[in-house]
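1. predicted model follows, preceded by the sequence.
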Amino acid sequence: MFVKQISVFVENKFGRMAAIIKALAQNGIDISALSLADTSEFGILRLIVDKPNEAVEILKKEGVIVKCSNVLAIAIDDRPGGLAKALEILTDAGVEIEYMYAFIGKADGKAMTVVRVNDNDKAVSALEEGKISLLTTEDISSR
Amino acid sequence: MQNYFQREIETAPREKILEIQNEKIVKQVKYVYENVKYYRDLMDEKGVTPDDIKSVDDIKKLPLLSKSDLRECYPYGLLATDLKNCVRIQSTSGTTGKRVVAYYTQHDVDLWEECCARAIVAVGGTNEDVCHVAYGYGLFTGGAGIHGGSHKVGCLTLPMSSGNTDRQIQFMMDLGSTILCCTPSYAAYIGESLKEAGYKPEDNKLKAGIFGAEPWTEEMRKHIEESLGIKAYDIYGLTEISGPGVAFECSEQSGMHINEDHFYVEIIDPDTGEVLPEGSKGELVFTCLDKEAFPLLRYRTRDICVLSREKCPCGRTHVKMTKPMGRSDDMLIIRGVNVFPSQIEEVLLKIGNGITPNYQIIVDRVNNTDTFDIDVELDENMFTDDVKSIEKVEKHIVSELRSVLGIGVKVHLVNPKSISRSEGKAKRVIDNRKL
């Protein structure tokens, strides 16, 4: 139903992002989606990866702060209006969107987007009813 | 031709000064013993009575006072006279828990202002000068002391206070300020601003500057002198003893004459408290000789310096002190404000819900202005996926620090355990200023 998202605190220091991504690369972690929220003083890196539990351990060893949380990953038709339809369903259900970002690449001709909402359960039932398919961590690991 | 504000005392032979000091110290110690219970208890504990103090040679028998005594005695514990006899309160720039409040009778104010007047005359000030006071006015002794001294000299006094540099420049140019008094970093800033406004050093009427309240270097002196086209002089003082003017530089620009007829000076070993022979490097200790409201005896300044009795060509006979070469405690002076790492710790402790995050203070000087940054290790429990909540933590730290320290600081959140530790303990302060 959900995918595991890893949030990483990124200090505002030269080379931090590179170091974090390198640590994942050296351990064979595949990144499917990412976003970097930045402020003038720090950043939060959000990642969807194939092996989230392993990735968390690797990053902890790197000395960075990591948090895991469940987010929605929706597969939508890759055509104008595909995303609009999914968001309309959420809006009609009264679900608030906190942030979203897109996956790298496609699967089965579908575009994929990570959506962070204020109420996961409400969002899931609305999307299922609207025939929008949701991905799980297992789906991403087996890609 | 040398000018003196009080020629007789400023150029008195050493024996004469000693005679005055010996006479004053006997009275002052008796007065403090009778009027300040806190110090009387300290003396009793040490087994010293006023009768044991017959001359300045006996001062070393007296107990030392430090900032912690002042904090313990806040607000009235060291007051030596009725409040109805006091006319003024001044306070140090330190804040909660560290604030020191000093009291003055009219006699004390006069004495202090006379010391400042000596400093102004020593740099060439007369009643024909326009004295531009850009030290902060208020509880801070900088503005009040120099202002009073300027009145005593008879200068036309411009009570500008600090800040609003455009207005400073406008008044300076329009009214022809001749003596500038402020912190050295502000003097440098005014110099830069004048240049930016298109003025050359010779366009202003300034001839001298009296700069103090923060550490500065010979390079900075040169820079200020060139940018303003003046002679720049140092001044030293502390609220606990009176304020600026405890010591001041003369035309020689080679150390500051301590007003020995009012303040007895010793150099001690900061670790043992033993008095060191004159000429040794050590901690400066002052004993007030003729104050009424707040007469501290043997007050440890924490400033490290060296005294010299070498004959000064200016004709003044009072001992000279070097610029403070450092501190015997961990106090930092940032943009003229006293900052103790413990104050920062207290703020972080509150924010961290009882756990003090590791932190590191980084002070530097860029374009003659102090920069003040603090790295704070973010605790895992403080991290959420939400940008706003972390920004809130950061802003909270910034605003708390600002209200406690009274100056702005840049806070950087960093990873846990990323601040380097030696012997398990993080180095708290990195001071990159080359002072």
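-> Right, received. Where do you want to start? Numbering: from 1, shown residues only, chains lettered A, B, ... in the order given.

2. can you map out the helices along the chain?
-> In the absence of a named chain, this looks at chain A. A:16-26, A:52-61, A:82-92, A:120-129, A:137-141 (DSSP state H).

3. try again with chain B
-> Going by DSSP H, chain B shows helices at B:7-10, B:14-35, B:37-46, B:67-72, B:106-122, B:141-153, B:165-175, B:184-196, B:218-228, B:341-351, B:387-405.

4. state the mean pLDDT of the longest one.
-> Helix B:14-35 shows a mean pLDDT of 97 in the predicted model.

5. packing partners of that helix?
-> On a contact count with 3 or more C-beta pairs under 8 Å, 6 or more residues apart in numbering or on different chains; DSSP states H and E, helix B:14-35 meets helix B:37-46, strand B:281-288. To be clear about C-beta, it is placed using only N, CA and C from the backbone, and glycine gets the same treatment.

6. and the third one, by the same measure?
-> Using 3+ C-beta pairs under 8 Å, 6+ apart as the contact criterion, the elements in contact with helix B:37-46 are helix B:14-35.

7. do the same with the shortest one
-> Under the contact definition 3+ C-beta pairs under 8 Å, 6+ apart, helix B:7-10 sits against no other helix or strand.

8. for it, list the C-alpha coordinates in CSV.
-> Output of helix B:7-10 as CSV, limited to C-alpha atoms (Å, rounded to 0.1, in the frame of the first residue of the first chain):
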residue,chain,number,x,y,z
ARG,B,7,48.5,68.2,35.5
GLU,B,8,49.6,67.9,39.2
ILE,B,9,48.3,64.5,39.8
GLU,B,10,48.9,63.1,36.3
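
9. what lies in contact with stretch A:90-101?
-> A:33-35, A:37, A:46, A:87, A:113-119, A:122-123, A:125-127, B:386 (C-beta atoms under 8 Å, 6 or more residues apart in numbering or on different chains).

10. may I have the beta-bridge partners of B:Leu158?
-> On the basis of DSSP bridges, B:Leu158 is bridged to B:His132.

11. let me know the pLDDT of it.
-> You'll see B:Leu158 listed with a pLDDT of 98.

12. measure B:Val100 to B:Glu72 for me?
-> 11 Å (C-beta to C-beta, to the nearest Å).

13. poorly predicted segments of chain A, please.
-> A:143 (pLDDT under 70).

14. near chain B, which residues of it?
-> By C-beta under 8 Å from any C-beta of the partner chain, the residues of chain A that approach chain B are A:5, A:7, A:9, A:11-13, A:37, A:39, A:41-42, A:44, A:46, A:63-65, A:67, A:69, A:98, A:116.

15. the closest residue to chain B within chain A: neighbour count?
-> Per C-beta to the nearest C-beta, A:Ser7 is where chain A lies closest to chain B, at 4.1 Å. Look at A:Ser7: counted by other C-beta atoms under 10 Å in any protein chain shown, it has 21 neighbours.

16. let me see the contact set for it.
-> A:Ser7 neighbours (C-beta under 8 Å, 6+ apart): A:Ile44, A:Leu45, A:Arg46, A:Leu47, A:Val66, A:Lys67, A:Cys68, A:Ser69, B:Phe383, B:Thr384, B:Asp385.

17. related to what we said a few turns ago, among the helices and strands packed on helix B:14-35, which is the most enclosed?
-> Ranked by mean neighbour count, the helices and strands packed on helix B:14-35 are led by strand B:281-288 with a mean of 24 (mean count of other C-beta atoms under 10 Å in any protein chain shown).
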